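> Below is the sequence, then the predicted model.
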Amino acid sequence: MGNTSSMLTQYDIEEVQSHCKGIFSQREIISLYERFCILDRSGKGFILEDEFMAVPEFALNPLAQRLLRILEGVNFKEFVLLLSAFSPRASFKEKMEFIFKVYDSDGDGKVTTSDILGVLRDLSGSFLTEKQREQVVIQALDQAGFSSGCMLTYEDFVKVLVKANLKMEVEVPVD
Amino acid sequence: MGIQRTGVKVSNQLRDSSLFRPSQSEVDLYQHDMEDFLLDSAAEPAAPHQNKLLLCDLLDISGVLSEAASAIVDDSFTRCFKSNIPEPWNWNIYLLPLWCLGVIVRYCILFPVRVLLLTVGWIIFLGAFIPVHFILRKHDHMRRKIERGLVEFICSVFVASWTGVVKYHGPRPSRRPRQVFVANHTSMIDFIILEQMTAFAVIMQKHPGWVGLLQNTVLESLGCIWFNRTESKDRHVVGEKLRKHVIDPESNLLLIFPEGTCVNNEYIVMFKKGAFELDCTVCPVAIKYNKIFVDAFWNSRKQSFTMHLLRLMTSWAVVCDVWYLEPQTIRPNETPIEFAERVRDMIAKRAGIKKVAWDGYLKYYRPSSKLTEKMQQKFAESMLRRLRTKTSDEDLSTSME
């Protein structure tokens, strides 16, 4: 009974806010907490894969599995930090870090050709052959001056994507 | 956003009691047509015209990621099943005692009176129904008439036991052949509220416990039709029963809840087309509950029907509006699904609830990969197009497999 925000004290909200470097406002954090509690049905304090996949709009996203690897099992503070990359107030650096994390599935700080191929596989499904995918990747890498067997560091990644028109803004509904 | 066919079952953690869950085959049968309908009607966005495939374009997955993040932060499907948590108003030094007084009145005065009323009503009902059912066995017409009256009576008793204030608008349903009533669904009490005015026959799942007992006895005599969710051929069997029912002039008026599941009365999910392909007039009924008094949404995941009824009986009142809308027939160039959408639109407008393009059965199953595949196909096509413009290499003009 009563609002879920009453379970979050002012201290909690401020702690979460400083953890995400002030990107989200306090109202947004309260709203995200309500959402977190709805998704986390059994009130464990973290959200499982099944609970994320119960949102049909998420389940049909081609990159859902990659995002699950990042978001599954984290507590609320981490959840807010991860989602802060999508706030309009997030810096280019924060958005870059998130995209890099999605690509770098083994977490070794380097994005290899096979990492890029993996994401391309998720995005194109069975509609491109493996050979076509390789051609796409090799050609694009070549264009940018990278050889096909190279590994992209975070700095390389930033240098490439600074030219891109990132559409990475999600609004948190506040009532 | 569109309809998805259900494919993979969710794990045990999220599964309801199996009696409430539709079977895979039933779901498959309904989803296929709705899915195609929505995929066709969705507007095709213009393909991007860039020719050169730059690395930055390839690596830029921000759009897809944002769609996923947006779904995590808020999505229209989950909102359909959100119970309304009432704002506590008892946070004051003088409001709190008032609220406590209210609780005492509700639980210690109103509740016992209501239970008493219900018991007396049931005794009268059973005392009349059982004899009539057996004695008048040969005189079918008379028996049905009396049984209808008795069912309407017991439903009125139920409604009184929650202090139901129901305003009916529009002409009362009249007994004519070849018509079917459809309504939006918030809780099983929808049936009781409509039933107190007119003795409908409904399509229902068999429930366990005392509800099941009632179904087998009283509701059976009304001509209710049962779904067996686990049988794959069942849909045809039920379809046949429906058709026979609407033709029979002696049978009771038929009521169907095309959403297939309880939704929280703020939204309305996609209608199943079964009620709309019976070659009958469809009479829409819109029901809207007033949440100030009690939230009548039955969240079958969170509580059993008994608990739900008890909650209603310890609230002040159940206030709702029922609108009987103008009967509709299928237009010459309309498919049953378009007809269903048109009627859904009417009900949504009247009740002031929002339409959502999701299928209610997604509560139990995950969406199928059909829509994901469509997105992947579009992406693959644009990739290939941009590759082809770059070079005339024969390797690249292989078709997409």
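Arrived safely, thanks for sending.

> burial count for the residue in the stretch 201-350 of chain B that chain A sits nearest to?
For the stretch 201-350 of chain B and chain A, the shortest gap (CB to the nearest CB) falls at residue B:301, measuring 8.3 Å. All C-beta atoms are positioned from the backbone trio N, CA, C, and that covers glycine. If you count neighbours by other CB atoms under 10 Å in any protein chain shown, residue B:301 ends up with 15.

> cool, residue B:255 as well?
Count around residue B:255 with other CB under 10 Å applied: 25.

> residue contacts, the residue nearest to it when sequence neighbours are not counted?
In space, residue B:255 comes closest to residue B:200 once its chain neighbours are excluded; the distance is 3.8 Å by CB to CB, 6 or more residues apart in numbering or on different chains. Each residue near residue B:200 by CB atoms under 8 Å, 6 or more residues apart in numbering or on different chains is listed here: B:173, B:181, B:191, B:194, B:222, B:252-255.

> Run the chain-centre distance for stretch B:362-381.
Its chain's C-alpha centre and that of stretch B:362-381 lie 24 Å apart, by CA atoms, centre = their mean, to the nearest Å.

> Check chain B for its longest strand and report it.
The longest strand of chain B (DSSP state E) is strand B:281-289.

> picking that back up, which SS state does the residue of the stretch 201-350 of chain B closest to chain A fall under?
coil (DSSP: H, G, I helix; E, B strand; the rest coil).

> quick one: it from residue B:191, how far?
Noted for residue B:301: a distance of 20 Å to residue B:191, by CB to CB, to the nearest Å.

> how many other residues sit next to the nearest residue in space to residue B:296 that is not next to it in sequence?
In this structure, residue B:296 finds its nearest non-sequential neighbour in residue B:289, 4.3 Å apart by CB to CB, 6+ apart. By other CB under 10 Å, the residues close to residue B:289 number 23.

> Surely residue B:176 is within a helix?
No: read with three-state DSSP, residue B:176 is coil and lies in no helix.

> From chain A, how far off is it?
Residue B:176 sits 39 Å away from chain A, going by CB to the nearest CB, to the nearest Å.

> One more: residue B:107?
To chain A, residue B:107 is 15 Å away according to CB to the nearest CB.

> does that residue count as helix, strand or coil?
When classified by three-state DSSP, residue B:107 comes out as helix.

> Retrieve the pLDDT associated with it.
Residue B:107 carries a pLDDT score of 91 in this model.

> Just list the residues touching it, thanks.
If you count contacts by CB under 8 Å, 6+ apart, residue B:107 has them with residue B:314.

> What of residue B:313?
Shown in contact with residue B:313 (CB under 8 Å, 6+ apart): B:110-111, B:114-115, B:161-162.

> From those residues, list just the buried residues.
Listed as buried from the contacts of residue B:313 are B:110-111, B:114, B:161-162; burial here means 16 or more other CB atoms under 10 Å in any protein chain shown.

> Including pLDDT, could those residues go into CSV?
Shown next, in CSV, are the buried ones among the contacts of residue B:313 (pLDDT from 0 to 100):
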residue, pLDDT
B:110, 91
B:111, 92
B:114, 93
B:161, 91
B:162, 89
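
> pLDDT score assigned to the residue of the stretch 201-350 of chain B closest to chain A?
pLDDT, residue B:301: 72.

> likewise residue B:307?
The model reports residue B:307 with a pLDDT of 87.

> Assign a three-state SS to it, would you?
Residue B:307 ends up helix, using three-state DSSP.

> does residue B:315 count as helix, strand or coil?
coil.

> Now for it: which residues touch it?
Counted by CB under 8 Å, 6+ apart, residue B:315 has contacts B:106, B:162, B:293-294.

> If we use 7 Å, what do you get?
By CB atoms under 7 Å, 6 or more residues apart in numbering or on different chains, the contact set of residue B:315 is B:106, B:293-294.

> Listing request: residues of the chain with sub-threshold pLDDT.
No chain specified, so I'll use chain A. Applying pLDDT under 70 to chain A flags the ranges A:1-6.

> nope, chain B
Applying pLDDT under 70 to chain B flags the ranges B:1-52, B:85-90, B:228-232, B:389-401.

> Please, where are all the strands along it?
For chain B, the strands defined by DSSP E cover B:6-9, B:164-169, B:179-183, B:201-205, B:225-227, B:254-256, B:267-268, B:281-289, B:318-324, B:354-355, B:365-367.

> need those strands in CSV with distance to residue B:101, can you?
What follows is the strands of chain B, written out as CSV (distance: least, CB to CB, whole Å):
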stretch, distance to residue B:101
strand B:6-9, 48
strand B:164-169, 22
strand B:179-183, 37
strand B:201-205, 40
strand B:225-227, 46
strand B:254-256, 40
strand B:267-268, 35
strand B:281-289, 25
strand B:318-324, 21
strand B:354-355, 37
strand B:365-367, 47
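
> Between those strands, which one is closest to residue A:144.
Closest to residue A:144 of the strands of chain B, according to CB to CB: strand B:365-367, at 36.3 Å.

> Could you give the number of residues near residue 152?
No chain was given, so I picked chain A. 24.

> wrong one, chain B
Residue B:152: 15 neighbours (other CB under 10 Å).

> That one: what's it in contact with?
Going by CB under 7 Å, 6+ apart, residue B:152 touches B:195-196, B:199.

> how far away is it from residue B:80?
Taking CB to CB as the measure, residue B:152 falls 31 Å from residue B:80.

> Residue A:39 now?
Going from residue A:39 to residue B:80 by CB to CB gives 15 Å.

> If you count surrounding residues, which of those two has more?
Between residue A:39 and residue B:80, counted using other CB under 10 Å, residue B:80 has the larger neighbour count: 25 against 19.

> helices and strands around the longest helix anywhere in chain B, which ones?
With DSSP state H setting the assignment, residue counts place helix B:111-135 as the longest helix in chain B. With contacts taken as 3 or more CB pairs under 7 Å, 6 or more residues apart in numbering or on different chains; DSSP states H and E, helix B:111-135 sits against helix B:140-161.

> Quick check: buried residues in the helix it packs on?
Buried, per 16+ other CB under 10 Å, within helix B:140-161: B:143-144, B:146-148, B:150-151, B:153-159, B:161.

> send the alpha carbons of that helix over as PDB?
These are the backbone C-alpha positions of helix B:140-161, laid out as PDB (Å, rounded to 0.1, in the frame of the first residue of the first chain):
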ATOM      1  CA  ASP B 140     -38.100 -26.200 -21.000                       C
ATOM      2  CA  HIS B 141     -39.400 -22.800 -22.000                       C
ATOM      3  CA  MET B 142     -40.900 -22.000 -18.600                       C
ATOM      4  CA  ARG B 143     -37.900 -23.500 -16.800                       C
ATOM      5  CA  ARG B 144     -35.400 -21.400 -18.700                       C
ATOM      6  CA  LYS B 145     -37.400 -18.200 -18.100                       C
ATOM      7  CA  ILE B 146     -37.500 -18.800 -14.400                       C
ATOM      8  CA  GLU B 147     -33.800 -19.800 -14.300                       C
ATOM      9  CA  ARG B 148     -32.900 -16.600 -16.100                       C
ATOM     10  CA  GLY B 149     -34.800 -14.500 -13.600                       C
ATOM     11  CA  LEU B 150     -33.200 -16.300 -10.700                       C
ATOM     12  CA  VAL B 151     -29.700 -15.800 -12.100                       C
ATOM     13  CA  GLU B 152     -30.400 -12.100 -12.600                       C
ATOM     14  CA  PHE B 153     -31.600 -12.100  -9.000                       C
ATOM     15  CA  ILE B 154     -28.400 -13.700  -7.600                       C
ATOM     16  CA  CYS B 155     -26.200 -11.400  -9.600                       C
ATOM     17  CA  SER B 156     -28.100  -8.400  -8.200                       C
ATOM     18  CA  VAL B 157     -27.400  -9.800  -4.700                       C
ATOM     19  CA  PHE B 158     -23.700 -10.000  -5.600                       C
ATOM     20  CA  VAL B 159     -23.700  -6.500  -6.800                       C
ATOM     21  CA  ALA B 160     -25.500  -5.400  -3.700                       C
ATOM     22  CA  SER B 161     -22.900  -7.100  -1.600                       C
END
